[in-house]
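Peer 1: When you get a sec, could you give me coordinates for this:
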Amino acid sequence: MTRLSVNINKIATLRNARGGNIPDVVKAAIDIQRFGADGITVHPRPDERHIRRSDVYALREVVTTEFNIEGYPSADFLKLIREVHPEQATLVPDPPDVLTSNAGWDTVRHAAQLKELIAEIKSYGIRTSIFIAPDPAMIEAAAAVGTERIELYTEAYASNFSHDRAAAIAPYAAAAAKAREVGLGINAGHDLSLENLRYFTEGIHGLEEVSIGHALISDALYFGLENTVQLYLRALRGNVDPA
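Peer 2: Below is the predicted model:
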């Protein structure tokens, strides 16, 4: 069964727009778990434009499911995850000034760097995942650097879904097959939504986890947070096709 991890960055973005502590990201995480989500994801960035370092420490006290911290593996990031000790650290090749994640790792070019980083993170007792495009060669190289999982970067799938869903998912199915062949767990995230989630889940065998933030929090403005979490869980588990 594919697990749902909810990225709460956008809740922090809304809070930061006004100042104060409304909405409260800690309460949101507690509620999202109570509504049935299987994990909480955050992606702190150096400018703290949404999730702050202080949020990450506070969330560790209340996340009782899986805590997934994403980010570029800088010295500050490594210090943060060492101290917070999430269940999973997802390495993303983001420069500090990007608006959102926009590329996967080149695991061939950065093999030596990734191998060293992953060994360090594993020494903390934390599972690693690498954000990666659906390229079988990159996935094979990811296995060689020692990561336990990959996170398939699904923007291309989401962008092409409405035009030709079979063509959109084909490279991801091939990538997932390669991941299973080389012994990697499979996560996925970026622009997954109620429209395209069920088809993706059904087409990607062995999909362990999806991380969804922007679409889910946006849907919650219309449907309410509890109902929206339930809608995504139902889509994941094949009970409803919102499309």
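Peer 1: Quick check, central residue of this protein?
Peer 2: residue 211 (3.6 Å; Cα atoms, centre = their mean).
Peer 1: While we're on that residue, how confident is the model there?
Peer 2: Among the per-residue scores, residue 211 holds a pLDDT of 98.
Peer 1: Same question for the one 3 residues further on.
Peer 2: According to the model's per-residue confidence, residue 214 sits at a pLDDT of 96.
Peer 1: Do I have it right that it meets residue 10?
Peer 2: Yes. Using Cβ atoms under 8 Å, residue 214 is in contact with residue 10, at 5.8 Å. All C-beta spots, glycine's among them, are computed from the backbone N, C-alpha and C.
Peer 1: Give me the more crowded residue out of those two.
Peer 2: Between residue 214 and residue 10, counted using other Cβ atoms under 10 Å, the more crowded position is residue 10 (20 against 16).
Peer 1: nearest residue to that one other than its sequence neighbours?
Peer 2: Take residue 10 and drop its neighbours on the chain: the residue closest to it by Cβ to Cβ, 6 or more residues apart in numbering is residue 217, 4.1 Å away.
Peer 1: ok now do the one you found, which residues does it touch?
Peer 2: Contact analysis of residue 217 by Cβ atoms under 8 Å, 6 or more residues apart in numbering lists 8, 10, 11.
Peer 1: which residues of the protein score low on pLDDT?
Peer 2: Along the chain, the parts satisfying pLDDT under 70 run over 95-102, 239-243.
Peer 1: residue boundaries of the strands in it?
Peer 2: 3-7, 39-42, 66-71, 88-91, 127-132, 149-153, 185-189, 207-212 (DSSP state E).
Peer 1: just to revisit the earlier point, of all the contacts of residue 217, which comes closest to residue 192?
Peer 2: Using Cβ to Cβ, residue 10 comes nearest to residue 192 of those, at 14.2 Å.
Peer 1: Next one: that closest one from residue 146, what distance?
Peer 2: 32 Å (Cβ to Cβ, to the nearest Å).
Peer 1: What separates the first and last residues of stretch 143-157, distance-wise?
Peer 2: 23 Å (Cα to Cα, to the nearest Å).
Peer 1: so how far is that stretch off the chain centroid?
Peer 2: 11 Å (Cα atoms, centre = their mean, to the nearest Å).
Peer 1: likewise stretch 3-15?
Peer 2: That offset, for stretch 3-15, works out to 11 Å (Cα atoms, centre = their mean).
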